[in-house]
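Asker: Okay, predicted coordinates and the sequence, questions at the end:
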Amino acid sequence: MEGDCQVDVYQRIKELGLALPKVPKPLASYVPARVYRDLVFSSGQTGTVDGQLRWQGKVGREVSLEDAQASARQSVLNCLAAIESVIGDLNRVEEVIKLTGFVASAEGFNQQPAVVEGASKLLIDIFGDKGQHARSAIGVAGLPLSAPVEIEVIVKVNL
Amino acid sequence: MEGDCQVDVYQRIKELGLALPKVPKPLASYVPARVYRDLVFSSGQTGTVDGQLRWQGKVGREVSLEDAQASARQSVLNCLAAIESVIGDLNRVEEVIKLTGFVASAEGFNQQPAVVEGASKLLIDIFGDKGQHARSAIGVAGLPLSAPVEIEVIVKVNL
Amino acid sequence: MEGDCQVDVYQRIKELGLALPKVPKPLASYVPARVYRDLVFSSGQTGTVDGQLRWQGKVGREVSLEDAQASARQSVLNCLAAIESVIGDLNRVEEVIKLTGFVASAEGFNQQPAVVEGASKLLIDIFGDKGQHARSAIGVAGLPLSAPVEIEVIVKVNL
């Protein structure tokens, strides 16, 4: 992937065989993402497609590692849709700063990094070096609507 | 709620039948909130009143959805008290940027958004449009002193 | 500890009988820490020493409170190593802004603040007043490689 700076993000998403979803409707009184100066904070996003979760339950029990990784990827696409909804154009993303991945974890499941890797790798596939981020991966007791994964990101943008 | 910008926050809290608590004493070596430029990061706050929790345990087991929502509201008031302790006047809050809500969740409980909504709605009731925020709702295994809810916020202020 | 501003951080770490570890190798496609203007966001760090965890499991079951506190301290040292890897010199740290501590918690364990206190206290021992931070302590279902504690920090630096 040469010349990171010229790559069109939408072209890159298409090349990866993916599509940017419609911005997920918040489940309540909040907004999909919020701008502070040149930072954008996304709301936590699960892997919904058109409002439906393909996988539900805890990773290591109802949901396999592979399906959890796919859910993490979809969660990141939903984060990007959320960010686009407040900045208009994802080509304005200059750096991904931080990603936090919450993984609904069955007793004893300890491969949260492998799950969240689905999200991290996709950001780098899309943004190249600009997608390199700090990250935390956390195993949690449960997530909204029994989602297996929830992802939130902070990105720096060129406004 | 016309003319958001003129509304006095303390008046609004009173109109809602609420009272700003004393800033909760940190449980250890940390401060209630920290300023970075024009951002304030609150510490995570539970729903203590005068240091006591009215509800303890996991939501969906010991604690009902309604009580958890009330606990989320009290947690937000404690966040505001924490923020006031470092900026002096809550009318200086210009925007609520991000809220993260952690909900101690019984096995199978998946209505974290409904719980955290108690917190989000109160911020909008108090601050109007300025209270609109990005949000994550997470179900966790346990919280300090068996609190059902813990809330942290990041706000932008006019210093 | 007089004259905070003159204390050399490395000298202070040595006086405390501690050593700064090598920066932990990320478990996947992310970086140990990320700079945004004069803020540094660390990735979540566990208590590994040379890539190995001394304690594994949930606090209140496999891991005692005391061992969890030691793990929190080692996690903070790993955060500092991560921050040093992107800013070069820890004496550039001007303020610790926020610490989030995730504690893998056995059913009923509710002393997360006592665990995370190990991390908070060490930051204050090392940085003095500059180490005072906002904090959240959260009990979670599991952490990478069955670590008992994961810590992330945001610090303000003088670049």
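Answerer: Sure thing, it's come through.

Asker: for the lengthiest helix in chain A, the distance to its chain's centre please.
Answerer: The longest helix of chain A (DSSP state H) is helix A:65-87. With C-alpha atoms, centre = their mean, to the nearest Å as the basis, helix A:65-87 stands 3 Å off its chain's centre.

Asker: what does stretch A:59-72 give?
Answerer: Distance of stretch A:59-72 from its chain centroid, counting by C-alpha atoms, centre = their mean, is 15 Å.

Asker: Spell out which parts of chain A neighbour chain B.
Answerer: Listed as neighbours of chain B in chain A under the rule C-beta under 8 Å from any C-beta of the partner chain: A:26-34, A:36, A:41-44, A:100, A:102, A:104, A:140-146, A:150, A:152. Using the backbone N, CA and C atoms, a C-beta is placed for each residue, glycine as well.

Asker: For the residue lying closest to residue A:72 once chain neighbours are set aside, report the pLDDT, please.
Answerer: Among residues not flanking residue A:72 along the chain, residue A:118 sits closest, at 3.7 Å (C-beta to C-beta, 6 or more residues apart in numbering or on different chains). Residue A:118 is assigned 96 on the pLDDT scale.

Asker: count of residues packed around residue A:118?
Answerer: The local packing count at residue A:118 equals 26, with neighbours defined by other C-beta atoms under 10 Å in any protein chain shown.

Asker: And for residue A:13?
Answerer: The local packing of residue A:13 (other C-beta under 10 Å) involves 18 other residues.

Asker: what's the answer for the one 10 residues further on, then?
Answerer: The number of residues packed near residue A:23 is 20, by other C-beta under 10 Å.

Asker: likewise residue A:106?
Answerer: Using other C-beta under 10 Å, residue A:106 has 16 other residues around it.

Asker: contacting residues for residue A:96?
Answerer: Residues near residue A:96 by C-beta atoms under 8 Å, 6 or more residues apart in numbering or on different chains: A:123, A:127, A:130-133, A:153-156.

Asker: Next, work out how far apart the residue nearest to residue A:72 and residue A:138 are.
Answerer: Using C-beta to C-beta, to the nearest Å, we find residue A:118 at a distance of 15 Å from residue A:138.

Asker: now swap in residue A:47 and tell me
Answerer: 16 Å.

Asker: okay, these two: which has more neighbours?
Answerer: residue A:47 (30 against 26).

Asker: got the contact list for that one?
Answerer: Contact partners of residue A:47, counting by C-beta under 8 Å, 6+ apart, are A:53-55, A:70-75, A:78, A:147-149.

Asker: ok, now how distant is it from residue C:126?
Answerer: Counting by C-beta to C-beta, the gap from residue A:47 to residue C:126 is 40 Å.

Asker: How about residue A:105?
Answerer: Between residue A:105 and residue C:126 the computed distance is 32 Å (C-beta to C-beta).

Asker: what do you get for residue A:155?
Answerer: 31 Å.

Asker: Between these two, tell me which one has more neighbours.
Answerer: Taking neighbours as other C-beta under 10 Å, residue A:155 and residue C:126 compare with residue A:155 leading, 29 against 24.
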